[in-house]
Every structure is written in structure tokens, then in C-alpha cells.
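1. 3D, please:
(2 chains)
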Amino acid sequence: MQSQDIVARSGTTTPSPSVRQTTEVAKLIDESKCIGCKACQVACMNWNDLRDDVGTNVGVYDNPQDLTPSSWTLMRFFEVETEKDKLEWLIRKDGCMHCAEPGCLQACPSPGAIVKYSNGIVDFISENCIGCGYCVTGCPFNVPRISKADNKAYKCSLCSDRVAVGQAPACVKTCPTGAISFGSKEDMSIYAEKRAGELRERGHKDAGVYDPKGVGGTHVMYVLKHADRPELVGLPKDPSVSTMVALWKGATKPIATALMGMAAFAGFLHYVMVGPKEVAEDEANENAKEQA
Amino acid sequence: MDVKVSRRQFFKISAGGMAGSSLALLGYAPTAAADVRSFKLARTTEHRSTCPYCSVSCGLIMYTIGDKSKNIKPVIMHVEGDPDHPVNRGTLCPKGAGVLDMIHSPNRVKYPQVREAGFSEWKRISWEEALTRIAKLMKEDRDANFIEKNAAGTTVNRWNTTGFLASSASSNESGYISVKTMRAMGIVALDTQARI
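-> Numbering: from 1, shown residues only, chains lettered A, B, ... in the order given. Coordinates of the predicted model:
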């Protein structure tokens, strides 16, 4: 991938290149096929050269307990009573959703620290990251994590380096049950609907696809057994970028910038036209006497 | 409006203008866009291998640095599933996906070792010594316990005191050779790890 494929860039007012069209990609996670083996977590760490700290067992299968700067994807396990006296064990692979309208990118104040490629991948460019944590606030899915080692934000890159050379993300390639698949967004959407239909036929009446429109759709989609209640597996029902982020970065920023510029210009003009405040010589002498 | 600008004021305005435009350039002009991370396997050497963990024996591709030039000591820097292997078709379980850390583990046994009877320590030996020792012990055992004929006098050629466990990673051909060799020596207890 090259700089011409960057279609959106954080903290930037100049327009991004938008002539080239690359194939929009998507990762599909089929919750019903996942056995929670965590091969995706290991493959992710191996590909991205990450090794998280050895944690402690807190009595659940979640390991580590949460996403960290070194664990960009995580199996989350849910024991939920979906109906009265019907316990279900649901497993979800958590990680960046690669939103079409990414809240992190909108919230980020640092030019070029977060970029979106024309294939749909949202990537963090660490050398431009200032570690302010706005992306954490801006993310509707609570995904980015700030490293204590270098004060930079980290998250899944959808293996942008692999996708750029025509490979699939590491987690997709390794998945032994085929619960994760990768292809064009179009193909994945069709396959997801087909798979949800199969599940409905087999008795999962609420099965459906999770591709929330509130963030313009995502490039990581789920087939959920209970698509009517995504909160069962810790997903927001109707995610959207916070109105505060939209307001702050939308209307407020240009007005504030203009005000700041005008204030500075007025000060400068005043200095040139009127000059600094000059103290009359006799007054200054009097002051000096008083002090002495 | 008649604005009188002195020589001194003119310099101030010029200097201010330059400072302002420089700041604008620093603050607003986009810096050169960073390229995406480069593909780390682009020029590595690939070798096929088999995952050593369980009896499923998934196919692996080991990626080593360098291009086999004589001055380069290759080191495995990445392992992935082999998409052309019929067993796993590119996939790997969490153990197989993390096999790189076993390869580089300081606890991995890299050479033959022996713990003699009565000793608590393992002693490093050469492959030559190890193979000779195994052959000697096998021959001793076979000479002592080989059953040529059973009670009825029928020739059976059994060697019941030694067993052989073949690798699950064996192909048809090496499996065939394993069976022929072991049966020729009279071994009856012959099994493969793939059945475990």
C-alpha cells in the first residue's frame, strides 16, 4: 500500500488522495463456529512480534483479561442466560472493527497518527502518535490501548502489511475451525447473510449479521447467534461516534482556530500600529526613587 | 487611512510575517505520509516442516533470514501453516501457531543426552554415541529374548520385549519402510503416534 491509498488522515485539513480505488476488504467472524482456542491471539502475536506479560488466572478463560498494547485481539467468553433456565456459552473474538467512519480517526488531533486506507483498514502510524488517548475516547468499541512503555496507542492493524501484499491477516489464516474468513467486503457480506440464514434454519431464530450502520459499517463483521442482543457478547447495540467528538472536531475546531488566529493577529496589529506601552520618563524616575 | 510605517516597524512586520508563515507551515502543512509497515517475509527463505506437537502433524512453513548465501547463518524468524499441506491447509492451532517460541526456547533439547542408571544428571553425548548405544541395547535385548519357535514348534520369529512407536508425521512411504524394518526384526508391538 502506498501514500496514495490513504483516504483519510487524522488532524489534517487538506484533502486526501481519492482517485485510486482498491478492493474494499473485510474480515468475517462467525461466532457459531468459534471454539475459543485462541490460535488467532497467538498468530497475531507472532506476526506482529508482540509478547504480552504472563498474567494471572482469575477463574475465567479470558487470557489476558483485557486487550492490551501487546494483545491486539482477545477471545472473550460469556456465560449468559439467553432464555430462562437456558445457559449459553458465547465466545467472541474482540479487536478493532475497522469502521468506515472511525471515531478514533475523527478524535485524533495529531496529523497522520491515524489513517484509513482505501481498502477500509484503519491503521495507527506510531511515529506520529502523541499518546493523548483521544482515540480511546473516540472509539465506540473501546479498542485502542495506550502503552505505558512508550505512551503510544496500539490496536489491530488488520495486518495491513500482509493485506498490502495480497495476504490475509494472520488470525484469519490460522483459524483451525474456519470461524474467521477474509475477502472483499461484498463477498463477506453475502457469505455472512448466507451463514446467518443457515443458523436461523437450524433453530437460532435471532441469528444475524453485525455490521453496524452507526459507524458507516465495519470491515470486521460478525455472524452472531443473538444478533438482536449484541450486548450479550459485549458489543454495543447501535454504536456511533460520540456527539462530543463530532461537535469538538466538527463545529468547534474551526471556530476556535479562527478566534485564536484573530486574537494573535489583533495583538500583532496593535503592537505594530500603537507599539508597546511606554512609560513616561519622569514617571519612571519617580518609581525608581520610591523603590530606593 | 494614512498609516506611517517607520524603517524599524517595517522590519518588525517582515520578521513577524516570516515567523507566522513558518509556524503555519509547521503546524498545518501535512508531513510526508508514512508508508505502511513493510512485509517482513518478503525475501526470507522458506522451508517445509511438520508441527512436532500432536499427532495431527500439521504442515508448517519456516521462514529463515537470508537467501542461503554461505556467509549467512539462517535463523527461523517466523512460522506459519503450509497452505498446500492436506492436513491443515494453512491453519494452525494455538500451540502450532506459537511454535516459534518453542524453537527458540532455552529449555529445548538440541542434542542427545543420557542419564545412566544411578545418576541424577543428564550427560550430553554425540549422535554417533547415541545411535551406537541404542543399537547395542537393542541387539542385547533381541539376542536375550528373541522367540524363534512357539510351544508347538512353529516358526514365529517374535521379539516381544521391544516396541516401536512410529511418527504420525510419516508419509505413506516412510510408514511402509518403518513397518518393513520393524517386522523384519520381529517387533510385534508396532504402533503410530497418529492413533493416540
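
2. How about stretch A:139-150, which residues are buried there?
-> With burial defined by 16 or more other CB atoms under 10 Å in any protein chain shown, the residues of stretch A:139-150 counted as buried are A:139, A:140, A:141, A:143, A:144, A:145, A:146. For glycine as for every other residue, the C-beta is placed from the backbone atoms N, C-alpha and C.

3. ok, which stretches of chain B are strands?
-> Assigned by DSSP state E, chain B shows strands spanning B:45-50, B:59-64, B:76-81, B:113-114, B:123-124, B:147-149, B:155-158, B:164-166, B:190-192.

4. Indicate which one of those strands is closest to residue A:47.
-> Across the strands of chain B, residue A:47 has its closest neighbour in strand B:76-81 (7.6 Å, CB to CB).

5. partners of that closest one in the sheet?
-> Partners of strand B:76-81 in the sheet, by DSSP bridges, are strand B:59-64 (antiparallel).

6. for the partner strand, what is the average pLDDT?
-> Throughout strand B:59-64, pLDDT has a mean value of 96.

7. Would you mind extracting the C-alpha trace of it into PDB?
-> The C-alpha trace of strand B:59-64 is given here as PDB (Å, rounded to 0.1, in the frame of the first residue of the first chain):
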ATOM      1  CA  GLY B  59       2.300 -28.800   7.800                       C
ATOM      2  CA  LEU B  60       4.500 -25.800   8.600                       C
ATOM      3  CA  ILE B  61       6.500 -23.300   6.600                       C
ATOM      4  CA  MET B  62       9.500 -22.000   8.400                       C
ATOM      5  CA  TYR B  63      10.800 -18.600   7.300                       C
ATOM      6  CA  THR B  64      14.500 -18.100   7.800                       C
END
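
8. any idea how far it is from the chain center?
-> With CA atoms, centre = their mean, to the nearest Å as the basis, strand B:59-64 stands 7 Å off its chain's centre.

9. could you give the angle of it to strand B:45-50?
-> Between strand B:59-64 and strand B:45-50, the angle comes out at 150 degrees (axes from the mean of the first three to the mean of the last three CA atoms, to 10 degrees).

10. what does strand B:59-64 rub up against?
-> Residues outside strand B:59-64 that contact it (CB atoms under 8 Å, 6 or more residues apart in numbering or on different chains): B:41, B:44-51, B:74-82, B:84-85, B:87-88, B:92, B:96, B:99.

11. From those residues, list the buried ones, please.
-> Neighbour counting with 16+ other CB under 10 Å marks B:41, B:44-45, B:49-51, B:74, B:76-82, B:85, B:88, B:92, B:96, B:99 as buried within the contacts of strand B:59-64.

12. right, so of the strands of chain B, which gets closest to residue A:92?
-> Closest approach to residue A:92 among those (CB to CB): strand B:76-81, 23.3 Å.

13. my guess is residue A:151 meets residue A:131, correct?
-> Yes. Look at residue A:151 against residue A:131 with CB atoms under 8 Å: they come within range, at 3.5 Å.

14. Tell me which of the two has more neighbours.
-> Ranked by neighbour count (other CB atoms under 10 Å in any protein chain shown), residue A:151 and residue A:131 place residue A:131 first, with 15 against 12.

15. so who does that one touch?
-> Applying CB under 8 Å, 6+ apart to residue A:131 gives the contacts A:146, A:150, A:151, A:152, A:153.

16. can you rerun that using 7 Å?
-> For residue A:131, the contact set (CB atoms under 7 Å, 6 or more residues apart in numbering or on different chains) comprises A:146, A:151, A:152, A:153.

17. just curious, which of the buried residues of stretch A:139-150 is nearest to chain B?
-> Proximity of the buried residues of stretch A:139-150 to chain B (CB to the nearest CB) peaks at residue A:144, which lies at 17.3 Å.

18. Verify the contact between that closest one and residue A:152 for me.
-> No. Counting by CB atoms under 7 Å, residue A:144 sits too far from residue A:152 to count as a contact (9.9 Å).

19. A helix includes residue A:151, no?
-> No. According to DSSP: H, G, I helix; E, B strand; the rest coil, the state of residue A:151 is coil, so it is not within a helix.
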